[in-house]
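**Student:** kindly return the folded structure for what I paste below:
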Amino acid sequence: MERVASCGCGSVTVRVKGDPQDCFVCHCDYCQKLTGSIGIFASVFREEDVISIEGETTTYDDLPKWPEAARYFCSKCGTSVYWINPTSFPDMRLIAVGCFADPAFPGPKRAMQTQYRHNWCGEFDGAQSFNAYPE
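**Tutor:** Model prediction:
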């Protein structure tokens, strides 16, 4: 099965094969500010399962909490499409779940930093909750 993630304007596409290795949400205040949302909803794919990345992206890599990480977003519309974090996720690509725009996409397995979760945001079915980052 092939899945396609794209930015809001359609200029950047990421094609992957199969299901993600992991899906998670991080509610920390830093992830909220990076996304402008209630957290980062990320799917994790092995590099070998990334078929192609097309379109012009801009990289933001001044991430003090994760100095080895980088966020890639569309140069035209600004949508955060994917991230890399070689220390925490070696040989993996984190792709924004929302960029798949697929209601059947697998939900998060873990919800991290729930101490920052907005009180109106409920828990996710089947996801383990962690007040901080799991060890």
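**Student:** can you map out the helices along the chain?
**Tutor:** 29-35 (DSSP state H).
**Student:** tell me where the chain has strands.
**Tutor:** All strands of the chain, identified by DSSP state E, fall at 2-6, 13-17, 22-26, 40-46, 50-54, 57-60, 70-74, 80-84, 92-96, 110-112, 128-129.
**Student:** tell me which of these lies nearest to Asp102.
**Tutor:** With Cβ to Cβ as the criterion, Asp102 lies closest to strand 2-6 of the strands of the chain, at 7.2 Å. Yep, even glycine has a C-beta here, placed from its N, CA and C like the rest.
**Student:** other residues contacting the closest one?
**Tutor:** Here strand 2-6 makes contact (Cβ atoms under 8 Å, 6 or more residues apart in numbering) with 12-18, 51, 81-82, 95-96, 99-102, 105.
**Student:** ok, that strand: who's next to it in the sheet?
**Tutor:** strand 13-17 (antiparallel) (DSSP bridges).
**Student:** hmm, back to that, which stretch among the strands of the chain comes nearest Lys33?
**Tutor:** Of all those, it is strand 40-46 that lies closest to Lys33, at 10.5 Å by Cβ to Cβ.
**Student:** and the closest one, which strands flank it?
**Tutor:** Its sheet considered, strand 40-46 pairs with strand 22-26 (antiparallel), strand 92-96 (antiparallel) by DSSP bridges.
**Student:** list the buried residues of that strand.
**Tutor:** 40-45 (16 or more other Cβ atoms under 10 Å).
**Student:** again, but for stretch 95-111
**Tutor:** Buried residues in stretch 95-111 (16+ other Cβ under 10 Å): 95-100, 105, 108-111.
**Student:** what's in contact with that stretch?
**Tutor:** Contacts of stretch 95-111 (Cβ under 8 Å, 6+ apart): 3-7, 14, 16, 19-20, 22-25, 27, 40-45, 79-82, 117, 123-130, 134.
**Student:** could I get the CA-only coordinates of it as CSV?
**Tutor:** C-alpha atoms of stretch 95-111 as CSV (Å, rounded to 0.1, in the frame of the first residue of the first chain):
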residue,chain,number,x,y,z
ILE,A,95,5.6,12.8,8.9
ALA,A,96,2.8,15.0,10.0
VAL,A,97,-0.3,12.8,10.3
GLY,A,98,-2.6,15.6,9.1
CYS,A,99,-0.7,15.8,5.8
PHE,A,100,-2.1,12.4,4.9
ALA,A,101,-5.6,13.8,5.2
ASP,A,102,-6.8,10.2,5.6
PRO,A,103,-9.5,9.6,8.3
ALA,A,104,-8.6,5.9,8.3
PHE,A,105,-4.9,6.6,9.1
PRO,A,106,-3.7,4.9,12.3
GLY,A,107,-4.2,6.9,15.5
PRO,A,108,-1.5,7.6,18.0
LYS,A,109,-0.1,4.8,20.1
ARG,A,110,1.4,7.2,22.7
ALA,A,111,0.4,10.6,24.0
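**Student:** this completes my enquiry, with thanks.
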